[in-house]
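*Asks:* Sharing a sequence plus its predicted fold:
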Amino acid sequence: MVACPFQVPAYEYDNALAPRVRKCEFCFERVAKKGEVPACVKICPKEAITFGPRDELIALAKSKIARGTSANGGKRYLNHIYGEKEVGGTDWLYLSHVPFEDIGFLKLPEKAPPRLTESIQHGIFKYFAAPISLFAFLGGAMRLFGENDEENAGTDEEVRS
């Protein structure tokens, strides 16, 4: 949920004691088991949503951009498929005639968020140096403070006697 650059996954509170985090699954049951398209594709009155293999959709989008001119002769689409390269490529692809930032889309890097943190994690946890150092530090702190607690415990008993 935290890693999603679009803030799409959200809590569902059907059961207040056990909320679930969910997002669109492209109607997995309909597609995988029945061979149908997702409900949003089927019901879209303008047929603005297309479903299929990602490489085919990218080819379709590129052909729409190449041949897309409006009735007044202007460009129908920007030469940019939003989601093709953003954050490593997304499952949803968008075409627009205005800049995506103007319609509320986030300006995202091409690199996927896990790739950005991967080098940091590998550097920190290489050869378990960080965890071993942390455990050594905590062990030393426990030993140091544990000895002080034993000394203080004896003092408290003497005062009470």
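*Replies:* Perfect, I can see it now. This structure is a prediction, so every number in the text was calculated from the model and none was measured. Residues are numbered from 1 along each chain as shown.

*Asks:* What pLDDT is listed against the closest residue to residue 31 other than its chain neighbours?
*Replies:* In space, and not counting its chain neighbours, residue 31 is closest to residue 38: 6.4 Å by CB to CB, 6 or more residues apart in numbering. For the C-beta atoms, the positions are set from N, CA and C on the backbone; glycine is no exception. What the model reports for residue 38 is a pLDDT of 90.

*Asks:* Equivalent analysis for residue 56, please.
*Replies:* pLDDT, residue 56: 94.

*Asks:* again, but for residue 53
*Replies:* Per-residue pLDDT puts residue 53 at 92.

*Asks:* And it, how close does it get to residue 85?
*Replies:* Here residue 53 is placed at a distance of 17 Å from residue 85 (CB to CB, to the nearest Å).

*Asks:* ok, which stretches of this protein are strands?
*Replies:* Using DSSP state E, the strands of the chain run over residues 10-12, 20-22.

*Asks:* Check which helices and strands the first one sits against.
*Replies:* Applying 3 or more CB pairs under 8 Å, 6 or more residues apart in numbering; DSSP states H and E, one finds that strand 10-12 contacts strand 20-22.

*Asks:* And the last one, by the same measure?
*Replies:* Contact here means 3+ CB pairs under 8 Å, 6+ apart; on that basis strand 20-22 packs against strand 10-12.

*Asks:* now the strand it packs on, how far from the chain's geometric center?
*Replies:* Strand 10-12 has its C-alpha centroid displaced from the chain centroid by 15 Å (CA atoms, centre = their mean, to the nearest Å).

*Asks:* Please consider this matter closed, and thank you.
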